[in-house]
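how does the following fold in three dimensions:
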Amino acid sequence: MPIVASVRVMDISRTGVLLAADCPFTRGDSGTLCVDINGSSFKAAIQVQRVAPGRTGDHRYELGASFLTLSPQHDHLLRHI
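From the prediction side, this is the model:
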């Protein structure tokens, strides 16, 4: 069953993303990341690779996720941020 979770992007690169979240996730969970980057819509399939306790009081978890798919347009966008 799909769930919608609000996350905060802490870091993003061409290979993956570091997210802060309040919802528990497990290694191997997959989903779609939808975010606005410098006015451009970014949507990509991700898979959680690492889950750790949050380092700040703002969020309970930090998630390291890799991109499963990345369009040429999104690859170009990430090269220039």
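
buried sites along stretch 67-81?
67, 70, 74, 77-78 (16 or more other C-beta atoms under 10 Å). For every residue, glycine as well, the C-beta is placed using N, CA and C.

how about the residues you listed in CSV, adding pLDDT and distance to I3?
CSV is the format used below for these (pLDDT from 0 to 100; distance: C-beta to C-beta, whole Å):
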residue, pLDDT, distance to I3
F67, 96, 20
L70, 86, 23
H74, 85, 23
L77, 88, 26
L78, 90, 26
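
in strands only, show me these.
The members of the buried residues of stretch 67-81 that map onto strands under DSSP state E are F67.

how about the strands of this structure, start to end?
So, for the chain - with DSSP E - the strands run 7-12, 16-21, 30-37, 40-53, 61-67.

can I get the first one in CSV? Just the C-alpha atoms.
Pointing back at strand 7-12 there. Taking Å, rounded to 0.1, in the frame of the first residue of the first chain, the C-alpha atoms of strand 7-12 are listed here in CSV:
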residue,chain,number,x,y,z
VAL,A,7,10.7,14.5,4.0
ARG,A,8,13.4,17.2,4.0
VAL,A,9,16.2,16.9,1.4
MET,A,10,19.4,17.4,3.3
ASP,A,11,21.8,16.7,0.4
ILE,A,12,21.3,15.5,-3.2
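
ok, the residue positioned nearest the centre of the chain - contacts?
Geometric centre of the chain, nearest residue: V17, 4.5 Å, by C-alpha atoms, centre = their mean. Residues near V17 by C-beta atoms under 8 Å, 6 or more residues apart in numbering: 9, 11, 33, 46, 64-65, 67.
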